[in-house]
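Novice: 3D model of this:
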Amino acid sequence: MDDQLVHLKDRALAAALDVVLRDVRATCAVRPVVHEERDFMGLGEDVIMLCAAGGSGQGVSVSGWQSPAEQVADLADQVQGWAVEELCAALKPATWPECPTHPDSHPLEAGVVKGVAVWSCPRTRKAVAPVGELSS
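Specialist: Now for the predicted structure:
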């Protein structure tokens, strides 16, 4: 597990984020600084903040009622939103992760297929790779 995440109280969130961050490290031009916010905004919920070098950030979380695969897919979707915003701010192509079947067209979508969190092409609905297993 990523050293930044081992201290987290919410192990499900840490485990899901560790999987998603593998794809960020393998294929994304921007990297978040990750830190925990306990009792975010007094709501009794722990969230992970993904922050950019410039200081902007976005909170991400998972629901306890979701299966582990649903948690990973949901978190992948949230991290994708952060990455697209940061890529745009860095004046880089804002498509992440890029669909290998349709380059320069659209990003992949995270979802669950047969109990596994996967990245799929939104046009063909074909699974491209399990979340956490994208390669550069």
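
Novice: run a quick neighbour tally on residue 55.
Specialist: 7 (other Cβ atoms under 10 Å). Placement of C-beta: from N, CA and C, glycine included.

Novice: for this structure, which segments count as helices?
Specialist: 11-27, 68-89 (DSSP state H).

Novice: could you give me the average pLDDT of the shortest one?
Specialist: In this model, helix 11-27 has a mean pLDDT of 92.

Novice: just want the angle from that helix to helix 68-89.
Specialist: 50 degrees (axes from the mean of the first three to the mean of the last three Cα atoms, to 10 degrees).

Novice: against which helices or strands is helix 11-27 packed?
Specialist: Helix 11-27 sits against helix 68-89, with contacts defined as 3 or more Cβ pairs under 8 Å, 6 or more residues apart in numbering; DSSP states H and E.

Novice: quick check: buried residues in the helix it packs on?
Specialist: Residues of helix 68-89 classed as buried by neighbour count (16 or more other Cβ atoms under 10 Å): 68-76, 78-80, 82-87.

Novice: which among the helices of the chain is found nearest to residue 118?
Specialist: helix 68-89 (7.6 Å; Cβ to Cβ).

Novice: state the mean pLDDT of that closest one.
Specialist: Mean pLDDT, computed over helix 68-89, is 95.

Novice: swap in stretch 97-108?
Specialist: The model assigns stretch 97-108 a mean pLDDT of 95.

Novice: just the terminal-to-terminal distance for that stretch.
Specialist: Counting by Cα to Cα, to the nearest Å, you get 6 Å between the two ends of stretch 97-108.

Novice: that stretch: how far from the chain's middle?
Specialist: From the chain centre to the centre of stretch 97-108 is a distance of 16 Å (Cα atoms, centre = their mean, to the nearest Å).

Novice: same thing with stretch 10-26?
Specialist: Worked out by Cα atoms, centre = their mean, stretch 10-26 lies 7 Å from the chain centre.

Novice: list the contacts of that stretch.
Specialist: Identification of contacts with stretch 10-26 by Cβ atoms under 8 Å, 6 or more residues apart in numbering yields 1-2, 5-6, 8, 30-32, 34, 46, 48, 60-62, 64, 68, 71-72, 74-76, 79, 83, 97, 117, 119, 131-136.
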